[in-house]
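J.: 3D, please:
(2 chains)
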2 protein chains.
Amino acid sequence: MRVEQLRGGVVEAWHDVHVAVVDASGRLVARTGDPELTTFWRSAAKPFQAVPLVEDGVVDRFGLSGEELALACASHSSEAGQVSKIRELLAKIGCTERDLLCGPHPPLSERVAQDYQARGVRLTPVYSNCSGKHAGMLALARHHDWPTEFYARPEHPVQQRCLAEVSRWTEVAQAAIRTGVDGCGVVCFAVPLRNMALAYAKLGSRGQGATPIAAAMLHHPELIAGEGRPCTELMRAHPGRVIAKVGAEGVYCAALVGEGLGVALKVADGHGLASALAIAAVLEALGLRPLPSSLGARPNLNTRGEPVGELRVNGGLEE
Amino acid sequence: MRVEQLRGGVVEAWHDVHVAVVDASGRLVARTGDPELTTFWRSAAKPFQAVPLVEDGVVDRFGLSGEELALACASHSSEAGQVSKIRELLAKIGCTERDLLCGPHPPLSERVAQDYQARGVRLTPVYSNCSGKHAGMLALARHHDWPTEFYARPEHPVQQRCLAEVSRWTEVAQAAIRTGVDGCGVVCFAVPLRNMALAYAKLGSRGQGATPIAAAMLHHPELIAGEGRPCTELMRAHPGRVIAKVGAEGVYCAALVGEGLGVALKVADGHGLASALAIAAVLEALGLRPLPSSLGARPNLNTRGEPVGELRVNGGLEE
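T.: A predicted model of the protein is given here:
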């Protein structure tokens, strides 16, 4: 599968896509490219980094809401409502913005970014798309009486707990999981696409112990990304049927709840928009129809606003 | 050849590179990937779109300076000095900014873009990185008494003249050249990399009739791109030895003047920074040393400013 950029009918650039579709038993149901490709899971690992909040009793201890769990799994758009909910979560666990170790960056939503720039909003760490995950990590540390300082370091028990959870869901031994530093400063995990897909298949299946995480994501698509962004649009278009979660550098994962399938894909060159069109095409091929129109072929406009070509998916899944 | 992005020692994303190195007789001297790959030349065609200014007598008629010729070949940074020179060129030919059909966009230089945004500079068409090319096209129209209106349309004699010149330099028949609409609204041309490289080999060789174009580019590296940008840095590091010209969507071309070689490359997925590191690596392999340090392996920093990996070239040329 390729996502192709056409100009004047000529393919001007292309983005190779590797896909694994797996059921909850780990059987490879469909693929294209290399389903065994190992790459960093990046933000698509967030639901599993949030599982300890459920499993370890953090949710009960602090009375975390479904919205707060959803934000712990999110790459949010830094919308005002999202940021204020994370501030409330921090207050609930006795922390403040100053405890967050994520770095600031312009909002992932172009609309929000332009609005904040026009209004001179100062982008502090709570505006990071990962601030919900970081607040969840602080909650985990508080619950276990682990230090809240340096929670981003690989040797900190919070990161070790996340590694164990990633290993459990992906069924990759901890020693076989290579790690790096994520965009927000915490540990990120490299695993094969097939194993990422397995984790999502299990997440989307009932009775696997992660129901509160899946339920939180399914009930709050507006918090998982934000207005107009692909994860939110895909989940809103098919309420209760799909969990979709983007990762940086061309990673996208999804769970088809009814079908019990997990999907993981990587655009080899890391192109974000290509990964969104690709996950939509894969989910459509697996029966999720219709797609939001924004995730079909996407026209390219030049600086004069003229349509000069389009970005579109070419190729499909193999059994 | 690939440009690889590493994180924690793991290749997280990669950018495939296709390269043709050709001498002025058209002999393929070195390659990697597919040297016959056909793609749009985009802004790397600008020197050849500027050749009619020399050949048709426009330079003599209007007394165009070397700086003005260089800007006609440029993807400039919208620096204040560059923009004012283009305004002077427009006045010289009896045109104004209002005659320019290029669309506005944020400056290609991040530094200039931030400065203009902070100061509220309104980005009109003269700030387009292509405004020198457009001013040159207006000069060509004025010289031939062609209409200055609609000069961007494929059927306008200006675009037909450019097509003929592209055909002459690349040695691809006009009928075999597929066209599209460029980012700035004029015609762009799809030709094989090998033929792009041939055109640059001829451009860099003496006695081929384009000496004023090559001389203008070689004498004014600061106008071809701008402060801190790769074309300018490469040409400044080796005065008189190399012509380097970026195109959009991962295209980069160069001429090694002393060696009589032309280079054309395409990063398949269109990644701009990867194309700059790749052209630097290819030129280094062909003997252009040392490289500007900014064009070697490039560290990746996360939102906390921590180094988390690097972008680097892997692989070389084949004979």
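J.: which parts of the stretch 51-200 of chain A sit against chain B?
T.: By Cβ under 8 Å from any Cβ of the partner chain, the residues of the stretch 51-200 of chain A that approach chain B are A:101-105, A:117, A:128, A:178-185, A:188, A:190. Where C-beta positions appear, they are placed from N, C-alpha and C, glycine not excepted.
J.: The residue lying closest to A:Thr38 once chain neighbours are set aside - how many residues pack around it?
T.: Once flanking residues are discounted, A:Thr38 sits nearest to A:Pro192: 4.9 Å by Cβ to Cβ, 6 or more residues apart in numbering or on different chains. Here the number of neighbours of A:Pro192 (other Cβ atoms under 10 Å in any protein chain shown) works out to 19.
J.: can you check A:Arg27 too?
T.: A:Arg27 sits with 11 neighbouring residues when counted by other Cβ under 10 Å.
J.: got it, and the one 3 residues further on?
T.: Using other Cβ under 10 Å, A:Ala30 has 19 other residues around it.
J.: Tell me if it really is in a helix.
T.: No - counting by DSSP: H, G, I helix; E, B strand; the rest coil, A:Ala30 is not part of a helix but strand.
J.: how much space between it and B:Ala72?
T.: Distance of A:Ala30 to B:Ala72, computed by Cβ to Cβ, to the nearest Å: 52 Å.
J.: how about the CA coordinates for the helix or strand harbouring A:Leu218, as CSV?
T.: Secondary structure assignment for A:Leu218, by DSSP states H and E: helix A:211-219. Listed next in CSV are the C-alpha coordinates belonging to helix A:211-219 (Å, rounded to 0.1, in the frame of the first residue of the first chain):
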residue,chain,number,x,y,z
THR,A,211,-12.7,-2.2,29.6
PRO,A,212,-12.5,1.1,31.5
ILE,A,213,-9.7,2.3,29.1
ALA,A,214,-11.6,1.2,26.0
ALA,A,215,-14.9,2.6,27.3
ALA,A,216,-13.3,5.9,28.2
MET,A,217,-11.9,6.2,24.7
LEU,A,218,-15.1,5.1,23.0
HIS,A,219,-17.2,7.5,25.0
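J.: tell me the contacts of the residue nearest to A:Thr38?
T.: A:Pro192 is in contact with A:20, A:35-38, A:172, counting by Cβ atoms under 8 Å, 6 or more residues apart in numbering or on different chains.
J.: In ChimeraX, how would I select just the buried ones from those residues?
T.: Selection of buried members from those for ChimeraX, criterion 16 or more other Cβ atoms under 10 Å in any protein chain shown:
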select /A:20,35,37,38,172
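J.: Quick check: which ranges of chain A have low pLDDT?
T.: Counting by pLDDT under 70, the ranges of chain A that qualify are A:206-210.
J.: any chance you could map the helices in it?
T.: A:46-55, A:58-62, A:66-72, A:80-92, A:110-119, A:131-144, A:157-170, A:193-204, A:211-219, A:221-224, A:230-237, A:272-285 (DSSP state H).
J.: Buried deepest among the ones you listed, which one?
T.: Among the helices of chain A, ranked by average contacts under mean count of other Cβ atoms under 10 Å in any protein chain shown, first place goes to helix A:193-204 (a mean of 28).
J.: what packs against that one?
T.: On a contact count with 3 or more Cβ pairs under 8 Å, 6 or more residues apart in numbering or on different chains; DSSP states H and E, helix A:193-204 meets strand A:10-23, helix A:46-55, helix A:157-170, helix A:211-219, strand A:242-247, strand A:251-256, strand A:261-267.
J.: okay if I get these as CSV plus distance to A:Leu203?
T.: Below are the helices and strands packed on helix A:193-204 laid out as CSV (distance: least, Cβ to Cβ, whole Å):
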stretch, distance to A:Leu203
strand A:10-23, 12
helix A:46-55, 6
helix A:157-170, 7
helix A:211-219, 5
strand A:242-247, 7
strand A:251-256, 5
strand A:261-267, 7
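J.: Keep only those of the residues of the stretch 51-200 of chain A next to chain B that are in strands.
T.: Mapping these onto strands (DSSP state E) picks out A:178-181, A:188, A:190.
J.: Can you tell me which of those has the most neighbours?
T.: Counting neighbours by other Cβ under 10 Å, A:Cys188 leads these with 27 neighbours.
J.: picking up where we left off before, and of the contacts of A:Pro192, the nearest to chain B?
T.: Ranked by distance to chain B (Cβ to the nearest Cβ), these are led by A:Thr38 at 7.4 Å.
J.: picking up where we left off before, if I look at the residue nearest to A:Thr38, how far off is A:Asp16?
T.: 17 Å.
J.: Ok, A:Gly228 next?
T.: 27 Å.
J.: who's more crowded, the two?
T.: A direct count of neighbours by other Cβ under 10 Å for A:Gly228 and A:Asp16 places A:Asp16 higher, at 22 against 14.
J.: That one contacts A:Lys266, correct?
T.: No - counting by Cβ atoms under 8 Å, A:Asp16 does not reach A:Lys266; the two are 9.1 Å apart.
J.: Overlap in contacts, those two.
T.: Shared contacts of A:Asp16 and A:Lys266, counting by Cβ under 8 Å, 6+ apart, come down to nothing at all.
J.: returning to what we had before: for the helix holding A:Leu218, packing partners?
T.: Counting contacts by 3+ Cβ pairs under 8 Å, 6+ apart, helix A:211-219 is packed against helix A:46-55, helix A:66-72, helix A:193-204, strand A:242-247.
J.: Could you rerun that using 10 Å?
T.: helix A:46-55, helix A:58-62, helix A:66-72, helix A:193-204, helix A:221-224, helix A:230-237, strand A:242-247, strand A:251-256 (3 or more Cβ pairs under 10 Å, 6 or more residues apart in numbering or on different chains; DSSP states H and E).
J.: could you dump these to CSV with distance to B:Glu12?
T.: Below are the helices and strands packed on helix A:211-219 laid out as CSV (distance: least, Cβ to Cβ, whole Å):
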stretch, distance to B:Glu12
helix A:46-55, 17
helix A:58-62, 30
helix A:66-72, 24
helix A:193-204, 13
helix A:221-224, 23
helix A:230-237, 21
strand A:242-247, 11
strand A:251-256, 9
